[in-house]
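In: Need coordinates for the following:
(chains A, B and C)
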Amino acid sequence: MPVMDKLKAISGSIAIVGVAESDNIGRVPEKGPMELHAEAGRNALADAGIDKSEVDGVFTAGYSTYDIAEYMGITPHFTDSTSVGGSSFVIHIAHAMAAIAAGYCEVALITHGESGRSNRARAGGNPGLAGAQYEAPYGIMGAPIGYSLAANRYMHQYGEDRTREAMANIAVSTRKWANMNEKAYFYDTPMSFDEYHDSRWVSWPFHLPDCCLVTDAGAAIVITSAERAKSTKKGGVNVLGVAEGHDHSVLHQMPDLTRTWGRHTGPQALEMAGLSHDDLDLAMIYDSFTYTVLATLESLGFCGPGEGPDFVADQRTAPGGDFPLNTSGGGLSYTHPGMYGIFTVVEAVRQLRGETGQRQLDTCELAMAHGTGGTLSSTGTVILARD
Amino acid sequence: MPVMDKLQAISGTAAIVGVAESDQIGRTPDKGPLELHAEAGRNALADAGIDKSEVDGVFTAGYSTYDVAEYMGITPHFTDSTSVGGSSFVIHIAHAIAAIQAGYCEVALITHGQTGRSDRARAGGNPGLPSAQYETPYGIIGPPVAYSLAANRYMHQYGEDRTREAMANVAVSTRKWANMNEKAYFYDTPMTFDEYHDSRWISWPFHLPDCCLVTDAGAAIVITSAERAKSTKKGAVNILGAAEGHDHAVLHQMPDLTRTWGRHSGPQALEMAGVTHDDLDLAMIYDSFTYTVLATLESLGFCGPGESPDFVADQRTAPGGNFPLNTSGGGLSYTHPGMYGIFTVVEAVRQLRGETGQRQLDECKLAMAHGTGGLLSSTGTVILGRD
Amino acid sequence: MADGYNKPIPIPQPESDNYWEGAKAGELRLRKCDDCNQAYFYPRNICPECGNNNTSWIVASGNAKIHTFAIVHRPPHPGFMDDVPYVPAIVELEEGPRMATQIINVEADPSVISIDMAVKVVFESITDEISLPKFEPA
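Out: The predicted structure is shown next:
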């Protein structure tokens, strides 16, 4: 099992020095996914003030490191294409930390790019996988259906009405944040509680606004040693704690539909950082669905099982509330090209740097970014701090 | 770039404590790839005397860690599904050292399984990749065609006749090793030089015996800290050096068709281990094709550019020769399910332990295992030592 | 094949041939580990609990209760265009394991279907080779 004294020894030894999206996000039919990777990578390096020739570690998912490195003209000495869906780019931070501490590379570039909205091709599935044989034939395909099955179990255990109200609270508060982020898909589109409740069903118990967007977007992160970070353009956002793991692949194998692997990664990342929940100024929690946020807040230990609805009540997570959550507008209202995890880190870094304009938090020195991948399957948690 | 003093500090801190193949290899139409992963994983854990419940790091390629972990009933705290083709499982060793050293996991399980021979399904390609647009339309499809293009360039630069003779030497010497390994596909099938030269063309300049087998097989490796290794069933094979990287994805982007990334990963792994080429007792070098061995020996620095035909002359790499190479019979004559790299490590470990019966080397204390992935694209080199 | 069936069709694999043959014969077959004395889903030759190969096939009773369900209004695939709203579910079999399925022969309405509701297996033939185990109210 993870060895805490070793992990504590590398806490803070690595820093994020650059973050960026692709030039455009949202609907970008004129650009392919690799171009979005490369744009975001170039922009993140510019944000760091680090030349491409210094990148010696390449991390990506969805595409091979071959494709990204070749497209960008990088010849990496360390490569990582671990893919666990949306959490991939968050867990890459743990991998980058280990690789840099070990000496395998000095400058790690994590890139993402997907044309979720404008895709011209869909990859075929592998008929040998459990999902293809034991879920897809029943129409259990894609995230909305899988997650709605989990959400209904939560409703059954903890009450339908209060769960519904909690999902509405999350959808509405997240939209308010998006209305303060000009890059957000729903920047110009407010949403009331009535509009939430009157919206159409996608897969009951999910209304349309319970479900994340499907957009085109890319993003990238540059990571280097804390020492090296001092000489970059904007300085370092230190990586104090990181953890990852998973406990199932297909939904029907999930041990408890209301608890994610965040129950391990949250405590591990916080302990590695030497911090507690109350120390955090910002939580960026992957919101593939409103329900994802509920189950994740509880799994991470912000509140107990079944207490998520009280925790998010009364717009506590909205602008002006005392628990700022998903200040970019999240996957629900900002952008979600398919594997959104990397964008939780991008926003956390920008809030820690004080770069987020009208939505900037008054105090932001410590932030958590948390990715979820697969069907509530993998999680990655990272604790970030401004020097 | 890789930081040698850090790497030297972790040299020897992790050890291979278990290796195994699936129960059967060769042709197993009654078993699926995931089952081969799971069999090999279980067998490698038995080889280590470590219980499945202690595995907290899962590494694989071809499949997601989701699929392999779920099938085997493992819930990992560290996951790595970096896939760069056949070299993946070798570079996983570098990733595992870094993860164990950082404290992310204590027992790493690397699994492989492919039914190259009996596949019931072929995955569709991604039409957005450069290969689909700029190589496959010309019939440049699959490794034999691509590697034959590289081999012909080598012939042009360094002489056709001596290259041909070198490829024959590699094919024949490797077959002799396979004739001493009862698990080898060609265990019962010797091959003469005449048979080599008289065999049919696959893609000129490659004869059939220049090309690796296509088999069904799985394999797995268990890695833990050097400290923990002391209490395992067979003790440690220490990981003294490990390096990886890549410099292209599609063949036409390869900077020099006669030089692989081994030119970086070989020297880095040796320097990390603090040893030189002459210290090695065994070289296990991915032989997807006879030509792969020639280009790799030169890239790794065993000899200079264009010198490998002299280096492998007169069956120097065969049983009884003074440069034992691919003693299992290699991808050419033992097994090759698609991504063969892991088998180079399995054989190196067994030679170091003295478990290889009639083909056992008299002296084997230090071995190199080297994987190649993609189209001569990625390489991973590890240096292994017996306590 | 039923004319025009254009939903995903399972392709039997080495470890699931017997499962799908059973479904075609009207049996819900499960793997059971004879060492752990425990049934599991989905079919694997190697027990996910202990890792041994000492596993066999048993025939499940087909009795189950709903662990969770959803009601799909936006089809995830063109094949389900005419089926919405339909009811995907995870059911817990009497023998212990959970499996994914659909609840049929019931109105797709959350006030009619409930979690923990008793259901039983029915087999729906979709091709000459494949019948899908689905569940209906017991």
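In: give me phi/psi at A:K234?
Out: phi -110, psi 10 (degrees, to the nearest 10).
In: so what's the residue of the stretch 101-250 of chain A found nearest chain B closest to, chain neighbours aside?
Out: As assessed by Cβ to the nearest Cβ, chain B sits closest to A:G103 within the stretch 101-250 of chain A, at 2.7 Å. For glycine as for every other residue, the C-beta is placed from the backbone atoms N, C-alpha and C. What sits nearest to A:G103 in space, not counting adjacent residues and going by Cβ to Cβ, 6 or more residues apart in numbering or on different chains, is B:K6, at 2.7 Å.
In: Could you pull up the residues touching the one you found?
Out: A:A101, A:A102, A:G103 (Cβ atoms under 8 Å, 6 or more residues apart in numbering or on different chains).
In: before we move on, which element is it in?
Out: Assigning secondary structure by DSSP states H and E places B:K6 in helix B:4-10.
In: list the helices and strands whichever helix or strand comes after that helix packs on?
Out: Sequence-wise, the next helix or strand downstream of helix B:4-10 (DSSP H and E) is strand B:14-21. On a contact count with 3 or more Cβ pairs under 8 Å, 6 or more residues apart in numbering or on different chains; DSSP states H and E, strand B:14-21 meets helix B:33-48, helix B:88-102, strand B:216-225, helix B:226-229, strand B:237-246, helix B:341-353.
In: if you set the cut-off to 10 Å instead, what comes out?
Out: helix B:33-48, helix B:88-102, strand B:107-115, strand B:216-225, helix B:226-229, strand B:237-246, helix B:341-353, strand B:378-386 (3 or more Cβ pairs under 10 Å, 6 or more residues apart in numbering or on different chains; DSSP states H and E).
In: wait, doesn't C:P85 sit right on C:A108?
Out: Yes: at 4.2 Å, C:P85 counts as touching C:A108 under the criterion of Cβ atoms under 10 Å.
In: So those two - more neighbours on which side?
Out: C:A108 (19 against 16; other Cβ atoms under 10 Å in any protein chain shown).
In: who are the neighbours in contact with A:V239?
Out: A:10-16, A:93-94, A:96-97, A:100, A:223, A:226, A:269, A:272-273, A:345, A:382-385 (Cβ atoms under 10 Å, 6 or more residues apart in numbering or on different chains).
In: Quick check: pLDDT value at it.
Out: You'll see A:V239 listed with a pLDDT of 92.
In: Between the contacts of B:K6, which sits nearest C:R44?
Out: Distance to C:R44, by Cβ to Cβ, is smallest for A:A102 among those, at 35.2 Å.
In: so what's the closest one up against?
Out: A:10, A:78, B:2-3, B:6-7, B:9-10, B:13, B:94-95, B:97-102, B:242.
In: and the gap between the residue nearest to it when sequence neighbours are not counted and chain C?
Out: Nearest residue to A:A102 in three dimensions, chain neighbours excluded: B:A98, at 3.8 Å (Cβ to Cβ, 6+ apart). Note on B:A98: its distance to chain C, by Cβ to the nearest Cβ, to the nearest Å, is 27 Å.
In: Show me which of the contacts of B:K6 is closest to B:A20.
Out: A:A102 (26.6 Å).
In: list the contacts for the residue of the stretch 251-387 of chain A found nearest chain C?
Out: Nearest residue of the stretch 251-387 of chain A to chain C: A:H252, at 4.2 Å (Cβ to the nearest Cβ). Residues in contact with A:H252 (Cβ under 10 Å, 6+ apart) are A:130-131, A:134-135, A:140, A:146, A:149, A:375, C:41-42, C:67-68, C:89-92, C:97-101.
In: ok, and of those residues, which contact chain B?
Out: When contact is defined as Cβ under 10 Å from any Cβ of the partner chain, the contacts of A:H252 meet chain B at A:A130, A:G131, A:T375, C:Y42.
In: from the residues you listed, which two are the most distant?
Out: Pairwise over the ones next to chain B among the contacts of A:H252, using Cβ to Cβ, the maximum falls at A:T375 and C:Y42, 14.7 Å.
In: Name the residues of the helix holding B:K6 that are buried.
Out: B:K6, B:L7, B:Q8, B:I10 (16 or more other Cβ atoms under 10 Å in any protein chain shown).
In: Need those in TSV (columns: pLDDT).
Out: As requested, these are exported to TSV (pLDDT from 0 to 100):
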residue	pLDDT
B:K6	90
B:L7	90
B:Q8	91
B:I10	91
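In: With distance to A:D188 as extra columns, can I get the residues you listed in a markdown table?
Out: Output for these, formatted as a markdown table (distance: Cβ to Cβ, whole Å):
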| residue | distance to A:D188 |
| --- | --- |
| B:K6 | 50 |
| B:L7 | 52 |
| B:Q8 | 57 |
| B:I10 | 52 |
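In: Just the closest of those to C:C50, please.
Out: Looking across the buried residues of helix B:4-10 and measuring by Cβ to Cβ, the closest to C:C50 is B:I10, at 34.4 Å.
In: if I pick the residue sitting furthest away from the middle of chain A, what's in contact with it?
Out: Centroid-distance maximum for chain A: A:P137 at 29.6 Å, with Cα atoms, centre = their mean. By Cβ under 10 Å, 6+ apart, A:P137 lies in contact with C:7-10, C:79, C:100-102, C:124, C:126, C:130, C:132-134.
In: and chain A, which of these contact it?
Out: Among those, chain A is touched by C:7-10, C:79, C:100-102, C:124, C:126, C:130, C:132-134 when using Cβ under 10 Å from any Cβ.
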